[in-house]
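[1] everything below, folded, please.
(chains A, B, C, D and E)
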Amino acid sequence: METYQIYNLTSAVLFVIGIGGVFAARHFIRKIIATIIMGGGVFLSFVSFAERDALTFADPVPHALVITGIVVAVASAAFALALARRIYQLTGEESFTNDK
Amino acid sequence: MTIHELITVILLVVGCFFFLAGTLGVLRFPDLFSRLHALTKADNLGLGFIAAGMAVYIASPWAALKIFFIWLFTLLASSTSCYLIARFQKEQEQTKNGKEGE
Amino acid sequence: MNGFFIIVSVFLLLNIALGLIRVWRGPTVADRLLTTQLFGTTGMAILLVLAGYSKDLTLLNVAITFNVLAILLVISLFQVWKKRREKANDDT
Amino acid sequence: MTDLPTSPFPAFLVGLPVLLATLSLFFRARGKAVVGLAGSLLTGVMALFALFEVTRRGTVIHILGGWEPPLGILLRMDPLAAVFIGMTAVVGIFISLYAWRYFRAQEATTGGFPLFWPLWLFLWAGLNGLFLSNDLFNLFVTLEVIGISAVALAVLSGKKTALVAGLRYLLVAITGSMAYLFGVALIYGSTGTLDLGLLGQVLEPGTTTTFALLVITLGLMIKMAGFPFHFWLPPAHSSALAPVSALLSALVVKGAFYILLRLWMEVFGVSLTYAAGQLIGLAGAIAVIWGSWQAFMQTSLKLIVAHSSVAQLGYLLMIFPLLILAPGVTADSADWLSPAWTAGVYQVIAHAFAKASFFLSAGIIIMALGHDRIESLRDLVGHMRITALAIAIAGVSLIGLPPSGGFMAKWMLLKGIFLSGQWWWAPVVLTGSLLTAGYVFMLLRLAFAPAREKEAFRPVPRSLEVCALVLALGSFLIVLPADNLIQFLQSGEVFGTGIESIMEGGAHGND
Amino acid sequence: MSVLIDGLLAILAIYLALQSLLAPRLIKSVFLFFAFGLALALAWVRLGAVDVAITEAAIASGFLGVLFLDALRDFSPAFPAKQKNPEAAHNVLVKNNTKSLLLSRIPLGLGLGLFLLIALEAVWKTPEGGGLTAAAEAFLPESGVEHPVTAVLLNFRAYDTWLEIGVILMGLLAIFAVGGIKVYRKPNMAAQDPMLRQVIMFFTPVLFLFGAFLLYFGKTGPGGAFQAAVLWGAIGILLHLGGKSIIEEIPRWLRQLILTVGILFFLVLGFLFVAGGNALFEYPRAYAGLLILIIETLAAISIAAALTAIFANLNQMKEDPNETESIN
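    Numbers count the residues shown, from 1 in each chain, chains lettered A, B, ... in the order given. Modelled structure (predicted):
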């Protein structure tokens, strides 16, 4: 098994863990963490393809995409965190009360 | 094997030994404070040896400076957080019994 | 030499895995906070060894980035803890 | 593809709103609104000019940075993109005018929400960027621009219900984007390109492509509130401020639909299967029935309108089973293809106008009454004639009665359904219309009923009512250029190749 | 042989991800999440993505970590404050968390398991697309920089990067939208602490210099605007934590200029190229290197300011929960 294949499989596992977390976790913070884990899986997939396609250097395009993706994901997570904190301050709720 | 490499191997092995000692301490010691003690002291020492080993191996003054800073910052961060964890634990023992409320 | 570096890395990773047993067993919260510390220090060591293994000095920049921001985390943790204590004192 | 004529318009369509949004940050409350409104008008007018340019010159492109795909990113403004951009411009201009007056009227008590303007301009830039984008990853970035600005707009009121709905909306949006991005990663891994045009040529069917199609479709369905993932939409759309609700339901959800349409037609042609189409159509059908029924059961105006969005988006999903050709059928003989996807485009436009008008009217009613419980709508006609008229016209378009845009959409959808022989979708379309008629006439009956007791209608600026009415009329006026519009849409060369790739897909299935 | 490292790292990352979602206590979740970030960074290093590793360390672990830790002041009952009502409710909730994930969600679990199997098969069978390495290598000499990732970020796909700077600014605006409207909130002066001041005095120049180094180094090696921006932003965050604010002391227009100069300069420059008959972000080849350096510097300044302001707003949210409508 090659290095990139290990991480490629890991990426699928992390992605699924993240999806499960977003839907099943209750607390806001855990839901946000789950989205980041999901993102980690996706980015791992990109970067493992970059390693597979390496010539003199690894494929730089996925690296750049992942950097962009990480920044975007963090901006979203920061916003989600702000919302979650605000909701807690106003209502004392830490999870969606009528969660399905 | 050059003399540089020999020194590196020796330093790395010593470093690993300290890491192992630290981890064993974390696993075997009876209470938190001694565990904390084991982890912080031994691991930082282990990191110091590994840093020294790698500095010898890479053998460039610029890299050596960076490695030194890595070690220094880790030392700072881990000792501060060790101090914080200890104080946190003490506070908690004063207020409650320190067990997790599960 | 490269084989040796790999052995060292694997050893250090196993070390972390071993340390996770303590996280699992607890019993106190503080014990679990130790993970991050264990991870931090050992992770830096692994990064250093990998820098030697791949002969890529830019890995040192990764380690420095982690380090300087770890300080930020520690100070932030300190603030959290202080605020909590102030609040606890206010309540009593 | 790069031999198409280049034009600077695509660059300005994305750049200008961002420039103005950023500049508006230098001003304080009132200044932000002035710059924001001016920026909206400017962006809208420029978008219409761009639309005109495309009708004159055909598809235009803009090669960003001078780097051609696959390394660089290409902005492509073909007829379909131009129509969506034009729709955004018209709806956006009137919502901006409405928002200006609406926030001015409440400035004393609420501060006038100056942040609406930069966020709305960013949202507009994101929408234009999405319609123009020809790159899978860039589509992800524009989706995120749209997602963050849309949620920020949705929570602008700062009320608890809006915040909770907004957080759920945001988490769902992030999940959807990440699912989409996972599909993008796999496609990049298996083809080494992100450009839609190139992908249409090189993508081959296989396990990976099928899975990528699955996660991309799921992710986009989450974002466009397609059936099992519709739960976030009604609370988020109904709890936002009136102009924001209008933006969210008229424009934002359409972004994900646009990507889905493009990808299904241009990229995934080879790996679509009959079952996948039926499944997504089923989701649409359930959404139509369930959403309409829920709308019927609600007691507040905004919730009715929000649930109705779920149903109307269901119609959009129902065109997808028609886009898939059975093995052995060529695109030439498949005469239902073009009614099917033009029905989708018409439905998007008609719904955008009608729903925007509906939400703006709801905002006027909330302004007048202080709430939007429907029992208080009694004698609306006596107090606010124009708003009542706007609701009636928009409602007729939602039901799909002739000669409205909604009618055009449903008629073409039915045409596509019968031509393709998938007759089982027809009862769903009709039942949906019937249920829609149910809640629209319930509203109208109340509006015309004499008041039992005197409800205190506060006076409302006339200009607000006019904005709502113009948008409602728009949902009828779009029928006038129908032939030209359909012809224009079908002139898209690249979209033509999309149909060809579907054709090849049919051939593949035949092999 | 070296595959052993990767296998261990993969298992570790998966374990930590699972645990950070299952951990009963919030603080443990957050700490395991840090550990997860570190494992992921080691994975990036193993895959040869040093840029990504630095970004992960800087933004995803560092910046987001600080935000999470700061959020614990609101939520977590793990610190020994005497909790009132929320604690009881929360304890029930955290107990449910583990169980509900494992037991009462069997359909979800089965669905996810099936999905995982399909996903694993899909990634395993991904055909070799070849990537864009060759194309990037061919055009690298024309890009104005020597590091391929920087060339992609700032030249080949500059449009994405420009939008991304916009996303950060929008994230800040979105946070204003949540918690009332203020450009920058005053730090809590009570937070001043002599020990902290020493640490800040020592680390401010370190952060600044290392950030500048990463920024400049981005031309030839891993580093660049985003990584540098986080380090510079960390200065602002440190000062804020120490009860000092640099941004508060400068006039409003300058503050706004600092926040927007990155995206504005990038865009206006792009418009100038368009006016000159080129495409958006199409640098004249001769000046590409210089222009990229200027753009990166300004972008780093703007992003650093935005990150500082994001942290400051989140950090001070608690202090005035009722203030929603103060106008900027």
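[2] look up phi and psi at residue 58.
    With no chain named, the answer covers chain A. Backbone dihedrals for A:Ala58, given as degrees, to the nearest 10, come out at phi -70, psi 160.
[3] hey, which helix or strand in chain C has the poorest pLDDT?
    Lowest on mean pLDDT, DSSP states H and E among the helices and strands of chain C sits helix C:59-91, with a mean of 78.
[4] for the residue of chain D most remote from its centre, give me the pLDDT.
    The centre of chain D is farthest from one residue, D:Glu453, which by C-alpha atoms, centre = their mean lies 39.5 Å away. Per-residue pLDDT puts D:Glu453 at 70.
[5] next, the buried residues of the least confident helix or strand of chain C.
    By 16 or more other C-beta atoms under 10 Å in any protein chain shown, the buried positions in helix C:59-91 come out as C:59-85, C:88. All C-beta spots, glycine's among them, are computed from the backbone N, C-alpha and C.
[6] now do stretch A:49-67
    Residues A:49-53, A:57-67 are the ones in stretch A:49-67 that count as buried (16+ other C-beta under 10 Å).
[7] out of the residues you listed, which touch chain D?
    Applying C-beta under 8 Å from any C-beta of the partner chain, the subset of those adjacent to chain D comprises A:Phe49, A:Arg52, A:Asp53, A:Val61, A:Pro62, A:Leu65.
[8] which residue in those has the weakest pLDDT?
    Scanning these for pLDDT, the smallest score is found at A:Asp53, 89.
[9] residue contacts, that one?
    A:Asp59, D:Gly192, E:Glu128, E:Gly129, E:Gly130, E:Gly131, E:Leu132, E:Thr133 (C-beta atoms under 8 Å, 6 or more residues apart in numbering or on different chains).
[10] quickly find the element holding the fifth one.
    Translated: E:Gly130. Remark: E:Gly130 resides in no helix or strand, with elements defined by DSSP states H and E.
[11] then the one 4 residues further on?
    Counting by DSSP H and E, the element that carries E:Ala134 is helix E:133-139.
[12] do stretch E:310-319 and chain D meet?
    No - residues of stretch E:310-319 contacting chain D under C-beta under 8 Å from any C-beta: none, with a closest distance of 12.3 Å.
[13] would you map the helices across chain A?
    Ranges of helices within chain A are A:3-24, A:28-52, A:60-91, based on DSSP state H.
[14] in the last one, what counts as buried?
    The neighbour-count criterion (16+ other C-beta under 10 Å) identifies A:60-90 as the buried residues of helix A:60-91.
[15] same deal with stretch D:269-280?
    Buried residues in stretch D:269-280, counted by 16+ other C-beta under 10 Å: D:Gly269, D:Val270, D:Ser271, D:Leu272, D:Ala276, D:Gly277, D:Gln278, D:Ile280.
[16] so what's the backbone phi/psi at whichever residue of chain A sits closest to chain E?
    Relative to chain E, the nearest point of chain A is A:Asp53 (3.1 Å; C-beta to the nearest C-beta). Dihedral pair for A:Asp53: phi -90, psi 20, per degrees, to the nearest 10.
[17] how distant is stretch D:95-110 from the center of its chain?
    Centre-to-centre, stretch D:95-110 and its host chain are 24 Å apart (C-alpha atoms, centre = their mean, to the nearest Å).
[18] so, low pLDDT: which residues of the chain?
    The chain I'm using is chain A. The model of chain A has pLDDT under 70 over residues A:98-100.
[19] actually, chain D is the one I wanted.
    For chain D, applying pLDDT under 70 flags the ranges D:1-2, D:326-333, D:454-455, D:493-511.
[20] walk me through the domains of it.
    Domain segmentation of chain D under automatic domain parsing yields D:1-134, D:157-503.
[21] can the shortest one be said to contact chain E?
    Yes - Domain D:1-134 lies within reach of chain E by C-beta under 8 Å from any C-beta, at D:6, D:8, D:11-12, D:15, D:18-19, D:22, D:25-26, D:28-29, D:62-67, D:70-73, D:110-111, D:114-115, D:118-119, D:122, D:125, D:129.
[22] tell me how far that domain lies from the chain's centre.
    Distance, stretch centre to chain centre, for domain D:1-134: 15 Å (C-alpha atoms, centre = their mean).
[23] report the two of the buried residues of stretch A:49-67 separated the most.
    Greatest spatial distance in the buried residues of stretch A:49-67: A:Arg52 and A:Ile67, 18.8 Å, computed using C-beta to C-beta.
[24] quick one: what helix or strand has D:Ala162 in it?
    Going by DSSP H and E, D:Ala162 is part of helix D:160-191.
[25] for that helix, buried residues please.
    Neighbour counts over helix D:160-191 (16+ other C-beta under 10 Å) mark D:162-191 as buried.
[26] and chain E, which of these contact it?
    With C-beta under 8 Å from any C-beta as the criterion, those include D:Leu163, D:Leu186, D:Tyr188, D:Gly189, D:Ser190, D:Thr191 near chain E.
[27] need the contact list for the residue nearest the centre of chain B.
    Central residue of chain B (C-alpha atoms, centre = their mean): B:Asp43, 2.1 Å from the mean position. Taking C-beta under 8 Å, 6+ apart, we find B:Asp43 in contact with B:Phe18, B:Phe19, B:Gly22, B:Ser78, C:Gln37, C:Leu38, C:Thr41, C:Thr42.
[28] format the residues you listed as JSON lines; extra columns: secondary structure.
    Shown next, in JSON lines, are the contacts of B:Asp43 (DSSP: H, G, I helix; E, B strand; the rest coil):
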{"residue": "B:Phe18", "secondary structure": "helix"}
{"residue": "B:Phe19", "secondary structure": "helix"}
{"residue": "B:Gly22", "secondary structure": "helix"}
{"residue": "B:Ser78", "secondary structure": "helix"}
{"residue": "C:Gln37", "secondary structure": "helix"}
{"residue": "C:Leu38", "secondary structure": "helix"}
{"residue": "C:Thr41", "secondary structure": "helix"}
{"residue": "C:Thr42", "secondary structure": "helix"}
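[29] check the residues you listed and tell me the two furthest apart.
    B:Phe18 and C:Gln37 (14.9 Å).
[30] and the two? Which one has more around it.
    C:Gln37 (26 against 19; other C-beta atoms under 10 Å in any protein chain shown).
[31] which of the contacts of A:Asp53 lies closest to B:His37?
    Closest to B:His37 out of the contacts of A:Asp53 is A:Asp59 (46.6 Å), distances taken as C-beta to C-beta.
[32] the closest one against E:Ala136, yeah?
    Yes - with contacts defined as C-beta atoms under 8 Å, A:Asp59 counts as touching E:Ala136 at a distance of 7.2 Å.
[33] D:Leu260 and chain E, how far apart?
    Per C-beta to the nearest C-beta, to the nearest Å, D:Leu260 is found 20 Å from chain E.
[34] repeat that for C:Gly3.
    According to C-beta to the nearest C-beta, C:Gly3 and chain E sit 7 Å apart.
[35] among the ones next to chain D among the buried residues of stretch A:49-67, which one lies nearest to chain D?
    Using C-beta to the nearest C-beta, those come closest to chain D at A:Phe49, 3.9 Å.
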